[in-house]
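Novice: based on what follows, work out the 3D shape:
(3 chains)
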Amino acid sequence: MRFRTISFLSDYGLVDEFVGVVKSVIRTIAPDVVVIDITHDIAPHDVRGGGLALARATPYLAPGVVIAIVDPGVGSARRAVAVEVGGGASVLVGPDNGVLAPAVALCGGATAAVVLDRPEYQLDTEGVGATFAGRDVFAPVAAHLCTGAPLGAVGTPVAPDSLTPALVPVARVEPDAIVAEVLWVDRFGNAQLNLDPDDVAAFGDDVRLRIRDDLRRASRVHTFADVRAGEVGLVTDSSGLVALCVDRGSAASELRLEPGDEVRLERDSATVDNAVPLSLRPRGGWR
Amino acid sequence: MRFRTISFLSDYGLVDEFVGVVKSVIRTIAPDVVVIDITHDIAPHDVRGGGLALARATPYLAPGVVIAIVDPGVGSARRAVAVEVGGGASVLVGPDNGVLAPAVALCGGATAAVVLDRPEYQLDTEGVGATFAGRDVFAPVAAHLCTGAPLGAVGTPVAPDSLTPALVPVARVEPDAIVAEVLWVDRFGNAQLNLDPDDVAAFGDDVRLRIRDDLRRASRVHTFADVRAGEVGLVTDSSGLVALCVDRGSAASELRLEPGDEVRLERDSATVDNAVPLSLRPRGGWR
Amino acid sequence: MRFRTISFLSDYGLVDEFVGVVKSVIRTIAPDVVVIDITHDIAPHDVRGGGLALARATPYLAPGVVIAIVDPGVGSARRAVAVEVGGGASVLVGPDNGVLAPAVALCGGATAAVVLDRPEYQLDTEGVGATFAGRDVFAPVAAHLCTGAPLGAVGTPVAPDSLTPALVPVARVEPDAIVAEVLWVDRFGNAQLNLDPDDVAAFGDDVRLRIRDDLRRASRVHTFADVRAGEVGLVTDSSGLVALCVDRGSAASELRLEPGDEVRLERDSATVDNAVPLSLRPRGGWR
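Specialist: Numbering: from 1, shown residues only, chains lettered A, B, ... in the order given. Just a heads-up that it's a prediction; the model follows:
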């Protein structure tokens, strides 16, 4: 056994049998591997959302193989790939459409990559369509990597810099404002922005939020419970980015926000001095 | 250990603790067994939908025990059964209401069956109602089968041909059309029909769809990405059946289709020569 | 290994990566532990609902560690605790806000408890916010307890009677009625009341239900299938409490009920003699 854990993210949902079938294929090839579900409720075909969720989880994943499937181009000319990081510490498997890219970048970049073109490591699909690569390509390849197949056995090497890169939005700096974007709305309605807490700190403890044509006051808080009733909090979230929150309610519902929406943070005077690069580097890792 | 894997499908949903309790019972009796969830979001009481989902997964399941629970008659006179297939290769456990039948048929039919009437292999339900057979009957029986209990120990033999059969609809052939039925709408909105690709091939690459009083053009495609904007594709899906699809959208939403709805495939001239039996035989199996 | 199983309940949902990250942290610290999901779809911040779901599952859980997280006060002054039951048979980990309390009571009460204040058994959260205690506190503590860390190592002892107690509603007895409350509505729409079957039995087989201003007839039944069309059944459910049900439909939808709603059970004459304490003691346990 080279790896004992497969971490698995997809947009398959849990209503159909897709996830169970992928796990059954893995179980049959590599019975001693444990599969850990990251999530399967990425919105259908939301490559960006899937890539960001994987990146948020990445610093905490057990070493091993990662399967990430958000694959609107399944069966078409898009490439299926396995990407090695850390010189072989882990391998990420999925379509080459950008869904793997933020996680690969967080791990220091790809040290090798292959296109999955070896049918002997995939399921025979005679008589069925090419619409379920999770079952027919990614699951068997991931399982064979766990049981010891070298990367070079499951596919043909490609240059790591030929992989589709991540397109992560960067907040835009204006004289008296930062124009940020909602990266993620979580189950509780917290709206994560592409902002470092340090960038907001330059504005002091209170800022104005401009969302479409609405203006709201927001205050920096340490925890959700610190947000005063009727106000919006700016909390440093569990990824180390700034999130909009309200206490025991949904900031996203209240402010009508969803991923991709623009949020302007404004102050009354003075200018913002520095650029505001989005940082998705590992934080809060292991002691 | 006779079996190391239990594959588990139900209509329990994941909102309540039902699935977790079933797994806890299994874990207590047979701690080394791995449970693989096929899905638990079968619509409540949808015996047909549960049976079809199990059948689609069946060719890929790890050998072992299968628990399938869609059980509107729980606690009533309906029989609880364990059905052996492949001369003991696997055992399916659930209510005898047809939910197991398509999977049993795919496995070549039952080689033995018992009615689960041995309380010593079930939980003591003194003081609680007979409403949760998954916890009290199916989970402990499945776990005991894994640890080595013979089929004949957990119940009284019944004739396999006394089991409730599957009622799978067969497409109807008319002079210039095939009248098919939607078997399944998946998370992405693809609508699987009870049609073999070969049957559609006889119509050429383009057909007319008649759904209620609406007419639409549809074309045979190899992948979802091949469907042209605004058109409907006829793809061979991952079960080897024909599914209606649109590119990066929901065919079911667009065509207002749900399982059980009728879809007519028409051509302008010529007749359909052959009957169109639904085939749910295993496809795309292991090399 | 002191424990091999972690049972895990939360209000994290399955849409985000929260649950997967918690499991990844456990997998990294204690790779041989199996995590069993009880449910993660407790309504956000519904401490009472989470505590009741955990209590319903408790008699069936495998011995080991239980993580229960419904934690609106995360990061605030609320205490994070580990609570030992059965003299060390199991340990429950979570916020000290009452979510653990019904389960602890069912297990005979706490035999020891600690406040989780030892950073060496938690993740380093430098650079990230204090909003994800599941990942940073509860998961690593639970994993370390499994691998052998004594309770006294992971936190500072506190008196068990200082833990936040459960507030479980008790049905109210009036001369000719019992005023009960809906504890839980399950996926199928069955509405569990805080009533023992014995209490209802004193009314005979038929009662009147008064819900807001509506009156309905209800009859005691053994199974869902025994309910006559158009009627409401009073079934002894799988927890041993009385639930309102209809056959193959949702009693909660039909009667417009949700947890916390009041339901009066009335009879025409005579009085109710006894108090009606809610009993959440283990029932139907192991032979």
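
Novice: flag the shaky bits of chain A, pLDDT-wise.
Specialist: Along chain A, segments meeting pLDDT under 70 span A:268-287.

Novice: chain B contacts on that one?
Specialist: A:12-21, A:23-25, A:27-28, A:31, A:44-45, A:72-76, A:120, A:123-132, A:135-136 (C-beta under 8 Å from any C-beta of the partner chain). All C-beta spots, glycine's among them, are computed from the backbone N, C-alpha and C.

Novice: same thing but 6 Å
Specialist: Contact residues, chain A versus chain B (C-beta under 6 Å from any C-beta of the partner chain): A:13-17, A:20-21, A:23-25, A:27-28, A:44-45, A:72-73, A:75-76, A:124-125, A:127-132.

Novice: which of the residues you listed count as buried?
Specialist: Neighbour counting by 16 or more other C-beta atoms under 10 Å in any protein chain shown classes A:13-17, A:20-21, A:23-25, A:27-28, A:44-45, A:72-73, A:75, A:125, A:127-132 among the residues of chain A next to chain B as buried.

Novice: which ones among these map onto helices?
Specialist: A:20-21, A:23-25, A:27-28 (DSSP state H).

Novice: what does the stretch 101-250 of chain A put close to chain C?
Specialist: So the stretch 101-250 of chain A meets chain C at A:186-188, A:223, A:225, A:235-238, A:240, A:248 (C-beta under 6 Å from any C-beta).

Novice: who wins on neighbours among those?
Specialist: residue A:238 (28 neighbours; other C-beta atoms under 10 Å in any protein chain shown).

Novice: which helix or which strand is home to it?
Specialist: For residue A:238, there is no host helix or strand (DSSP states H and E).

Novice: tell me who's in contact with it.
Specialist: Applying C-beta atoms under 6 Å, 6 or more residues apart in numbering or on different chains to residue A:238 gives the contacts C:128-129, C:131-132.

Novice: which of the residues you listed sits closest to residue A:67?
Specialist: Proximity of the contacts of residue A:238 to residue A:67 (C-beta to C-beta) peaks at residue C:132, which lies at 23.6 Å.

Novice: how close does the closest one get to residue B:95?
Specialist: 41 Å (C-beta to C-beta, to the nearest Å).

Novice: same question for residue A:210.
Specialist: On the measure of C-beta to C-beta, residue A:210 and residue B:95 end up 58 Å apart.

Novice: again, but for residue A:105
Specialist: Distance from residue A:105 to residue B:95, counting by C-beta to C-beta: 50 Å.

Novice: which one of these two has more residues nearby?
Specialist: The residue with more neighbours, out of residue A:105 and residue B:95, is residue B:95; 26 against 19, by other C-beta under 10 Å.

Novice: assumed residue A:111 was part of a strand.
Specialist: Yes - the assignment for residue A:111 (DSSP: H, G, I helix; E, B strand; the rest coil) places it in a strand.

Novice: pretty sure it contacts residue A:88?
Specialist: No - contact criterion C-beta atoms under 6 Å: residue A:111 and residue A:88 do not qualify, at 7.1 Å.

Novice: more crowded one of these two?
Specialist: residue A:111 (16 against 12).

Novice: how far away is the more buried one from chain B?
Specialist: Look at residue A:111 and chain B: by C-beta to the nearest C-beta, to the nearest Å, they are 30 Å apart.

Novice: that residue: what's it in contact with?
Specialist: Applying C-beta under 6 Å, 6+ apart to residue A:111 gives the contacts A:84, A:87.

Novice: if we use 10 Å, what do you get?
Specialist: Applying C-beta atoms under 10 Å, 6 or more residues apart in numbering or on different chains, we find residue A:111 in contact with A:83-89, A:104, A:151, A:160.

Novice: SS state for residue A:83?
Specialist: Put simply, residue A:83 is strand when judged by three-state DSSP.

Novice: correct me, but it touches residue A:104?
Specialist: Yes - counting by C-beta atoms under 10 Å, residue A:104 is a contact partner of residue A:83 at 5.6 Å.

Novice: between those two, which contacts overlap?
Specialist: Here residue A:83 and residue A:104 share the contacting residues A:66, A:90, A:92, A:110-111, A:113, A:160, A:163, scored by C-beta under 10 Å, 6+ apart.

Novice: between residue A:111 and residue A:88, which contacts overlap?
Specialist: When contacts are counted by C-beta under 10 Å, 6+ apart, residue A:111 and residue A:88 are jointly contacted by residue A:151.
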